[in-house]
Every structure is written in structure tokens, then in C-alpha cells.
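A.B. asks: got a structure for you, letters missing:
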DNA sequence: GCGGTATACTTGCGACGTCAACCATCTTAG
DNA sequence: CTAAGATGGTTGACGTCGCAAGTATACCGC
């Protein structure tokens, strides 16, 4: 168990490299980005993300579950995030006539304004720290590759009682 | 800027798309991976990362600052992470003879064992959730693209102690 | 109608990680 | 030698997020 394992290990390292870069790149870019967004607009990356989703949604409203799924936060994460946005007056709750369980998150006028105000500079930051590093083709290729990763979480049903 | 307002916006979306996928992919993959690592080995992704850095370091030791730089955590983050690893007995402190300010983090025998034990399954998970989605060429391309993003120098090379 | 299960959402709690402030030590200039 | 400033490291207060558990509502088979 020596040289065989070494080459095996080398292979593993080769497969690990991209993943490590992915991790580090994410950490570095998001830190920069969220610091800027925070200081410019007083928003979290997730805050902005949610605002953006709502902004583009039909009727400027989305069920909390759907929000959670697209933004990739847990349900509780969404609840708390929206708490903040509601307190700031950028989002309101609205109940659903046909299903009393669901609560919509609705973008208010203030929320739209906030989002519109924050958008330009945040997009510019994204561009500077991320987009500008690639050509159009490369961006497309990158997007395609990233799109293959499992975005929807497989639920761990293996541990049912 | 003439009559191309719509396509301008479309362009913005096109530039945002890859970033959003990047964010989402990171969230999804990372969540899955850390859940598995946690349940299999009782380790955080960052724990594992630090263990791995130490494992590959000359003398199995690294200054805390360097650790922070390569793992992309803040200095305080490293302190707290290492607190945990020390409590578990996988890492020890060691002082530096030539500079009393620095504290080395040194992998213990137990730490090596722990890392070796966790490595196989974690690498398999990374492979399943990340590596296996790409061909060798694609992985290389992805790695190159990600490498252009702003991070602190990947320091794990043939380096002077 | 009545149970049983699935879904939408909230809440308690703990883990993790950041910033700001702090102490200790090294280095350099005068 | 000493004062000033950089560098390594720790700690306290705080924010964010996930999981587990709980509530409320809907749907399905009988």
C-alpha cells in the first residue's frame, strides 16, 4: 500500500483542485461583494437576492416556500430574512385566498425603490469581481458547467422511522 | 445606449446568470457535502479543510495566519476553529523559537488518523456531487476559469518554511 | 364526516464566522 | 535605549443560518 495509493491520491488531488478553487473563489468573492453591498445599501447578499426574486416575480409576490427554493435558504432562513425586510418596510405579508397555509411575500413600493437603488451598484460590483474576468463565451461555458451541479437538494429520506 | 435599453437589460441578466448559478451551486453542494461530512466524521467543511492543509504542510504545521489565508477565514475564525480541533485532540499549539508572537498549529497523530479516516469518504462525496459532473477537460477548464477570480494566493506549493 | 399524511410556516437553540478592540511581540528610526 | 508602528493572535458582542420540533392547514382514502 504505497505507490499505488500515491497515484490514486494524485488523481484525487486533481479532482479536488477544482472543488477547492470553487470553495475559495466563493469565499473571497462573496466576502468582498457582501461587504460592499452592506456598506452601500445596508443589505445582505441574501436580502438582495430575495428582493431581486420578488422584483422579477409576477405580481411582485412569491410564496415563502418558492422563495426558499430558488434562493437556496432553508424555510426558517427565509422566515427570518423576511422578518428583517418586513421590519424595514420593503416587503409585506399577504395571505392566500385558496390556501390558508401559504403566506406571500410581497414587495412594497419602498422595496422596489430600495432594490432599484441598490441594483446598479451591486451589479457593477458583481461585474467587477466576477463577470469582467471572463469573455462572453467563457461566461456562457461557466454557466453551463455550474448548471450541472445539483441545485435542488435531494431530501434525505433514508432515515425515516 | 440608443434604442437598446431592453437588450442592455438582457445583457445585465446574462452577466448575472452565471453569478447566480455560482451562488446557488455553492449553497446546494456545500450544504449536502457538509451534512454528509458532519454525519460521517463529525467535521465541518472548514475543519476538514484545515486538517488537510496541515496534513500536506511541511512538518504538519502551519502558522495560524497562513492557515487563515489559504483557508480563507478571518484570523478570529481560525482561532475558534482551532480551539475546536484542539479540544478534540487533533491539533496542538506549538510556539515558534524565532518569533514569540506566532503560534503554530500542529497536526497530532490523532489528527492524522482522523483526517485519513475522513478523507476517503469525503473525497468520494466531492466526486459524486461535484467532480463526476464533468469530464477531465471540463474540470480543467472550470478550474482555470475559477482561478481567475480574486483570491489570496494559493500558497500550497513548494514553499520555504 | 374521520383518521393519517403531506405541506406551509414559525420558533428555540446551537454552530459558525465576522468585526472591532485588545494584548503581546517584533522591527525600525532617532 | 526608546517610541512608533507593523504583525500575530485572542476575545467579546453580534448576525446569520440550519436543524429539530411544533402549529396550522390541506388533501386523500375510507
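C.D. replies: Right, received. Where do you want to start? Source: prediction; values computed, not measured. Numbers count the residues shown, from 1 in each chain, chains lettered A, B, ... in the order given.
A.B. asks: So the residue lying closest to residue A:28 once chain neighbours are set aside, which state does it fall into?
C.D. replies: Closest residue in space to residue A:28, ignoring its immediate chain neighbours: residue B:151 at 4.1 Å, by CB to CB, 6 or more residues apart in numbering or on different chains. Every residue, glycine included, has its C-beta placed from N, CA and C. Three-state assignment for residue B:151 (DSSP: H, G, I helix; E, B strand; the rest coil): coil.
A.B. asks: what about residue B:151, distance to residue A:103?
C.D. replies: Look at residue B:151 and residue A:103: by CB to CB, to the nearest Å, they are 40 Å apart.
A.B. asks: The two: who's more crowded?
C.D. replies: Neighbours per residue (other CB atoms under 10 Å in any protein chain shown) separate residue B:151 from residue A:103, with residue B:151 holding more: 20 against 16.
A.B. asks: My read is that that one contacts residue A:24, right?
C.D. replies: Yes. Applying CB atoms under 8 Å, one finds residue B:151 in contact with residue A:24, separated by 4.8 Å.
A.B. asks: where does chain A have low pLDDT?
C.D. replies: A:1-13, A:152-161 (pLDDT under 70).
A.B. asks: which residues of it fall in helices?
C.D. replies: Listed in chain order, the helices of chain A (DSSP state H) span A:3-41, A:45-56, A:64-71, A:75-87, A:109-129, A:136-147.
A.B. asks: rewinding a little: for residue B:151 and residue A:24, list the residues in contact with both.
C.D. replies: Common contact partners of residue B:151 and residue A:24 (CB atoms under 8 Å, 6 or more residues apart in numbering or on different chains): residue B:72.
A.B. asks: related to what we said a few turns ago, contact partners for the residue nearest to residue A:28?
C.D. replies: A:21, A:24, A:25, A:27, A:28, B:72.
A.B. asks: Export those to JSON lines and append columns for neighbour count and distance to DNA strand D.
C.D. replies: Below are the contacts of residue B:151 laid out as JSON lines (neighbours: other CB atoms under 10 Å in any protein chain shown; distance: CB to the nearest atom of the strand, whole Å):
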{"residue": "A:21", "neighbour count": "20", "distance to DNA strand D": "22"}
{"residue": "A:24", "neighbour count": "20", "distance to DNA strand D": "19"}
{"residue": "A:25", "neighbour count": "22", "distance to DNA strand D": "18"}
{"residue": "A:27", "neighbour count": "17", "distance to DNA strand D": "14"}
{"residue": "A:28", "neighbour count": "16", "distance to DNA strand D": "17"}
{"residue": "B:72", "neighbour count": "18", "distance to DNA strand D": "15"}
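A.B. asks: And the residues you listed, which is closest to residue B:38?
C.D. replies: The closest of the contacts of residue B:151 to residue B:38 turns out to be residue A:27 (CB to CB; 18.9 Å).
A.B. asks: Tell me the spacing between the residue lying closest to that closest one once chain neighbours are set aside and residue B:150.
C.D. replies: In this structure, residue A:27 finds its nearest non-sequential neighbour in residue B:72, 4.0 Å apart by CB to CB, 6+ apart. To residue B:150, residue B:72 is 11 Å away according to CB to CB.
A.B. asks: Repeat that for residue A:21.
C.D. replies: Counting by CB to CB, the gap from residue A:21 to residue B:150 is 12 Å.
A.B. asks: cool, residue A:113 as well?
C.D. replies: Using CB to CB, residue A:113 is found at 31 Å from residue B:150.
A.B. asks: for residue A:116, same thing?
C.D. replies: Noted for residue A:116: a distance of 27 Å to residue B:150, by CB to CB.
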